[in-house]
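Trainee: Sequence first, then the predicted structure:
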Amino acid sequence: MKTRSSPWHARPERLAHLGGLVMMGVALLFLFGAVGTVVAVVVATLCVGIVAGARGGVRAVRERAWARPRTWLSWGVAGVSTGVAGFAVAYLTGVLSGGLDVGEACVHGHGVRYDASYRAAHAEEFNRWFPLRNKCNEDVDLVPSWVNPAVVFFVLLAAAGVLCLAGAVVAAGRRRSRSSRRG
């Protein structure tokens, strides 16, 4: 006997799931505004990419399926997603390390002397994209010591993910050329 997938009205849990997603989207829009909603969707997409890519990569390693395009695709998705998410966390941690008032963060947050003349003399150093620095004086930097190495690591991880995605394209091309020679 043939079974057909049931329509929406026969499966109320599908409609409830869709309604729940719509309600979460509306709630995000009201709570965070349009920019916050976009950020939440990007974060959710990156998380799904990390989990799905890692699961697919682990499964491929267990099956010893190194040459399959799907293996390289899984590793690429996991690498790019993890690299982008990690980079965003590390970079934002470094950029926001001093808060809105660096002087107050130095004196009240870390209990160290704030040297305005040192900051004025080295202003171009604090406005660079990389390496991130936000010094109170010549000795104390508000940017945690792990931030700059983490930024480099996650950029390299994302680049490795892009190389894996390129490997997926090459593997798919090889598979297609083999099948066309046989057929």
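Mentor: Cool, the structure landed. Numbering: from 1, shown residues only.
Trainee: Got the domain ranges for this protein?
Mentor: Domain ranges of the chain: 55-95+148-183, 98-143, per automatic domain parsing.
Trainee: Name the next helix or strand downstream of the lengthiest helix in the chain, please.
Mentor: Ranked by residue count, the top helix of the chain under DSSP state H comes out as helix 12-62. Heading C-terminal from helix 12-62, the first helix or strand you meet, by DSSP states H and E, is helix 69-95.
Trainee: angle of that next one against helix 12-62?
Mentor: 100 degrees (axes from the mean of the first three to the mean of the last three C-alpha atoms, to 10 degrees).
Trainee: counting contacts, what elements does the helix or strand following helix 69-95 pack onto?
Mentor: Remark: after helix 69-95, the chain's next helix or strand is helix 102-104, criterion DSSP H and E. Applying 3 or more C-beta pairs under 8 Å, 6 or more residues apart in numbering; DSSP states H and E, one finds that helix 102-104 contacts no other helix or strand. Where you see a C-beta, it was placed from the backbone N, CA and C, and this is true even at glycine.
Trainee: any residues touching helix 102-104, and which ones?
Mentor: For helix 102-104, the surrounding residues in contact (C-beta atoms under 8 Å, 6 or more residues apart in numbering) are 114, 116, 119, 134, 136, 142.
Trainee: Is the third one in contact with residue 126, as I believe?
Mentor: Yes - Residue 119 sits in contact with residue 126 when judged by C-beta atoms under 8 Å, with a separation of 7.0 Å.
Trainee: Which neighbours do those two have in common?
Mentor: Common neighbours of residue 119 and residue 126 (C-beta under 8 Å, 6+ apart) are residue 135.
Trainee: who's more crowded, those two?
Mentor: Set side by side, residue 119 and residue 126 show more neighbours around residue 119, with 18 against 14, by other C-beta atoms under 10 Å.
Trainee: Which residues are in contact with the more buried one?
Mentor: 102, 126, 135.
Trainee: least confident pick among those?
Mentor: When those are compared on pLDDT, residue 126 comes out lowest, with 81.
Trainee: Next one: it from residue 118, what distance?
Mentor: Distance of residue 126 to residue 118, computed by C-beta to C-beta, to the nearest Å: 10 Å.
Trainee: who touches both of those two?
Mentor: Common neighbours of residue 126 and residue 118 (C-beta under 8 Å, 6+ apart) are residue 135.
Trainee: So which residue is smack in the middle of the protein?
Mentor: Among the residues of the chain, the one closest to the centroid is residue 85, at 1.7 Å (C-alpha atoms, centre = their mean).
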